[in-house]
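A.B. asks: Pasted the sequence and its predicted model underneath.
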Protein chains: 2
Amino acid sequence: MNLSRAAAAEADRNDPLAPFRDRFSAPKDPRRLYLDGNSLGCQPAAAPVAVAKALDAWRDDQILAWRDWIKLPRRLGDAMAGPVLEAQSGEIVFADSTSIDLYKLAAAALGARTGRPRIVTSDDNFPTDLYVLQSLARQFSLELVQVPADPTEGLDLRVLAEAVDARTALVCLSHVAYRSGALLDMKAFTRVAHAVDALVLWDLSHSAGAVAVPLESSGADLAAGCSYKYLNGGPGAPAYVYVRRELQDRLQQPLWGWFGRRDQFRMANDFEPAEGIDRFLSGAPSILSSVAIEPGIQLLAEAGIGALQEKGRQLTELIVRLADEWLAPFGVSLASPRDSRKRGSHVTLRHSDAKAIVKSLIADAVIPDFRPPDLIRLGPAPLYTRHVDVWDAMDRFRSICAR
Amino acid sequence: MNLSRAAAAEADRNDPLAPFRDRFSAPKDPRRLYLDGNSLGCQPAAAPVAVAKALDAWRDDQILAWRDWIKLPRRLGDAMAGPVLEAQSGEIVFADSTSIDLYKLAAAALGARTGRPRIVTSDDNFPTDLYVLQSLARQFSLELVQVPADPTEGLDLRVLAEAVDARTALVCLSHVAYRSGALLDMKAFTRVAHAVDALVLWDLSHSAGAVAVPLESSGADLAAGCSYKYLNGGPGAPAYVYVRRELQDRLQQPLWGWFGRRDQFRMANDFEPAEGIDRFLSGAPSILSSVAIEPGIQLLAEAGIGALQEKGRQLTELIVRLADEWLAPFGVSLASPRDSRKRGSHVTLRHSDAKAIVKSLIADAVIPDFRPPDLIRLGPAPLYTRHVDVWDAMDRFRSICAR
């Protein structure tokens, strides 16, 4: 691999996804190199247009605008199903935050596996996932097993296989680990959970929009994820839930609310869950934040997840090679899987001065993020990050180390 | 009371709140008479400006914009405390939807009253409140008592007093009933709950921004409410929770998430609740929907809740008088308290053809809302509804009845 800037520029010229960069609004600072699409995705140029349209509807149609808005959580879900996540129409709905959605799904799964006293997760799952499971374990006197994952390579399939048995009600895992970027084999891990008849709940926050998510072919039961990373839905935009169709009417989530009731506007005094995925709704969706999600999903659908994953691999590979070449001499080491097939679209580097390095990078208009105590995450987003952006960012990184 | 249009116009000329109408964006249809501020408040002219600013921050500052956004849920809460709700700084935070917030607060209250097997509410509480309580009762094998309220006058204090005793963990009530508009005496009802050492949770959705909410002087423990009605926060905008300061560190809500953890960005693997009101947060707030809330709160603070409540009384009184005079002959009856001191800022009328009447009103650019089976809710909002708007709307209502 040629590590020259010219080679990076050449890769950009050959990049079939290159035109998508212009579908995003550029930040004011022309020197800005953004490598934090894994925390907050950039702004699709169509997002402010969608928000303005919703603001106009609020102003002009007022309450009557709900005739359209009421369909939004399902419409967004259906737009994801197929192009972004391997799922069918009616299996995904947008609602609340990832934390709340994980709670709903985990609680619903536990309700379908009463008598089984254990929840199994891994210690590289995202903190909010762990907190949700800890709360459920505490409330319902269950045991939460946080099996150790390799901090760099992620959870080993055999470690999970040893941890699950007939006592396991639920297995909850991140498809891509938030720190290391380790990508789990959804099919293999789901098979292990299903072998003991446990349900499996996937957190897709760091994988959706960056890598293929084989929910359907893996037989995954449940999933949730945020929309503000690779989906580019905007800050704190509502999350989504996926529930495999044949499970929907057998599961009941505990956060009952009027949007999850059958025949909502009858305003009945007794709760009866809606049929299908709608029973996973609770209260009113935040419309201004929800409408901003649609353009990002459309861009991903247009680009195609195969091309996105391939470009993600190229970009992260470039980071790994440049880190080896330029940064290793300064004590920077790789904290992500070296095999690009085992990574999502971010790479994590380790250095004892990570915090100070991140501060210097930001001062030099390179935006990664810092994860304590010693990790620097670099998340190029295949839709809008160029090879030269990665090259230039790593070049500035090298200069900072050299100072 | 002079019921002429000229008298209504004269009342508008003398209205100290009249200038606030121009602080809202007018809908496109100049004939539109909006009487549904109790469902979705109109758009403050400053709201699209606030949203545009957040969109610019997303585009330009990207992830770094969270330095400000992270403070937003508390800043909005502090802006409410005092001018809108009788509360102190640090007692209110914005998060999630009303349904989710009610769940958190009710569950936290039950956790503080273990051993008490009952929850008491009234059957005119909003459906989502009832669903939340039904879910908790089912999960924790508690009894939910839905005491009967008078459909027009609301819950009688003596009925509640008879229903609560040492078995009561929690009393949950709507400050203003969503159908009848009946306004409960917060001090008296809280006293009844506290007399048996139960905690009390108030739903403020239909009262906040329209009437005084004496949380502090009544000693109310907990409250939640939506921001899209009289707060004019926009469609599905995030809700808020109030927790009396001395209770905050003694209560634990079950929807654990990273935004509710002490020292969130340490990303620790074990949950430990934040101190104070922040422990009632769960996941990331929807920023585009949250920033739109601030202008509405500022308008209410500027107007003053006393003046708002007084004008609300005048407007609802005008509806009641005109309904008596013009609509009663057509079989329309009042389904709200006749005493304006016992009402919030909406009036509900009953007619067997309510659904058809609402349809005709909307066709004639008058926007009320329909509540099955036979109720028409008219919600003038003291910040932007004029007396002549009410008069004209009732005039069109009369014409529809006459046809």
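C.D. replies: Received the coordinates, thanks. In this text, all values refer to a predicted model and were calculated from it rather than measured experimentally.
A.B. asks: all contacts plus neighbour counts: C-alpha atoms, from now on.
C.D. replies: OK.
A.B. asks: Go through chain A and flag its longest strand.
C.D. replies: Criterion DSSP state E: the longest strand present in chain A is strand A:168-174.
A.B. asks: and it, what other elements does it pack with?
C.D. replies: helix A:98-111, strand A:118-122, strand A:199-203 (3 or more Cα pairs under 8 Å, 6 or more residues apart in numbering or on different chains; DSSP states H and E).
A.B. asks: Looking at those, spot the one closest to residue B:208.
C.D. replies: helix A:98-111 (25.4 Å; Cα to Cα).
A.B. asks: check contacts around residue A:319.
C.D. replies: A:347, A:390, A:391, A:394 (Cα atoms under 8 Å, 6 or more residues apart in numbering or on different chains).
A.B. asks: pLDDT score assigned to residue A:403?
C.D. replies: You'll see residue A:403 listed with a pLDDT of 88.
A.B. asks: now for the helices and strands packed on strand A:168-174, which one comes closest to residue B:74?
C.D. replies: Taking the helices and strands packed on strand A:168-174 one by one with Cα to Cα, helix A:98-111 is closest: 19.1 Å.
A.B. asks: For that closest one, the averaged confidence score.
C.D. replies: Rounded mean pLDDT across helix A:98-111 is 98.
A.B. asks: Now render the helices and strands packed on strand A:168-174 as CSV, adding distance to chain B and mean neighbour count.
C.D. replies: Converted to CSV, the helices and strands packed on strand A:168-174 look like this (distance: least, Cα to the nearest Cα, whole Å; neighbours: other Cα atoms under 10 Å in any protein chain shown):
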stretch, distance to chain B, mean neighbour count
helix A:98-111, 5, 25
strand A:118-122, 10, 25
strand A:199-203, 14, 25
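A.B. asks: how about a markdown table for the ones you listed, with distance to residue A:357 added?
C.D. replies: A markdown table is the format used below for the helices and strands packed on strand A:168-174 (distance: least, Cα to Cα, whole Å):
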| stretch | distance to residue A:357 |
| --- | --- |
| helix A:98-111 | 30 |
| strand A:118-122 | 29 |
| strand A:199-203 | 30 |
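A.B. asks: can you tell me how far residue A:196 sits from residue A:16?
C.D. replies: Counting by Cα to Cα, to the nearest Å, the gap from residue A:196 to residue A:16 is 43 Å.
A.B. asks: How about the contacts made by residue A:338?
C.D. replies: residue A:320.
A.B. asks: if you set the cut-off to 10 Å instead, what comes out?
C.D. replies: Counting by Cα atoms under 10 Å, 6 or more residues apart in numbering or on different chains, residue A:338 touches A:152, A:153, A:182, A:316, A:317, A:320, A:321, A:347.
A.B. asks: from memory residue A:260 sits against residue A:285, does it?
C.D. replies: No: judged on Cα atoms under 10 Å, residue A:260 makes no contact with residue A:285 at a distance of 11.4 Å.
A.B. asks: Show me the beta-bridge partners of residue A:377.
C.D. replies: On the basis of DSSP bridges, residue A:377 is bridged to residue A:348, residue A:369.
A.B. asks: Compare the contacts of residue A:319 and tell me which is most surrounded.
C.D. replies: The most crowded member of these, judged by other Cα atoms under 10 Å in any protein chain shown, is residue A:347 (28 neighbours).
A.B. asks: What is the neighbour count of the nearest residue in space to that one that is not next to it in sequence?
C.D. replies: Leaving aside its chain neighbours, residue A:347 sits nearest to residue A:378 (5.3 Å; criterion: Cα to Cα, 6 or more residues apart in numbering or on different chains). For residue A:378, the neighbour count with other Cα under 10 Å is 28.
A.B. asks: Same question for residue A:141.
C.D. replies: 11.
A.B. asks: so it, which of the three states?
C.D. replies: Recorded secondary structure, residue A:141: coil (DSSP: H, G, I helix; E, B strand; the rest coil).
A.B. asks: if I read this right, it contacts residue A:118, doesn't it?
C.D. replies: Yes: assessed by Cα under 10 Å, residue A:141 is found in contact with residue A:118 at 9.3 Å.
A.B. asks: Hmm, residue A:207 is touching residue A:344, no?
C.D. replies: Yes: using Cα under 10 Å, residue A:207 is in contact with residue A:344, at 6.2 Å.
A.B. asks: Tell me the one among the contacts of residue A:338 nearest to residue A:70.
C.D. replies: Nearest to residue A:70 among these is residue A:182, at 37.0 Å by Cα to Cα.
A.B. asks: Tell me what that closest one is bridged to.
C.D. replies: Here residue A:182 sits in beta bridges with residue A:343, going by DSSP bridges.
A.B. asks: ok, it - contacts?
C.D. replies: A:124, A:150-155, A:174-176, A:206-207, A:335-348.
A.B. asks: and chain A, what are its domains?
C.D. replies: Per automatic domain parsing, the structural domains of chain A span A:5-43+A:304-402, A:49-301.
A.B. asks: What's the end-to-end length of the first one?
C.D. replies: Using Cα to Cα, one end of domain A:5-43+A:304-402 lies 19 Å from the other.
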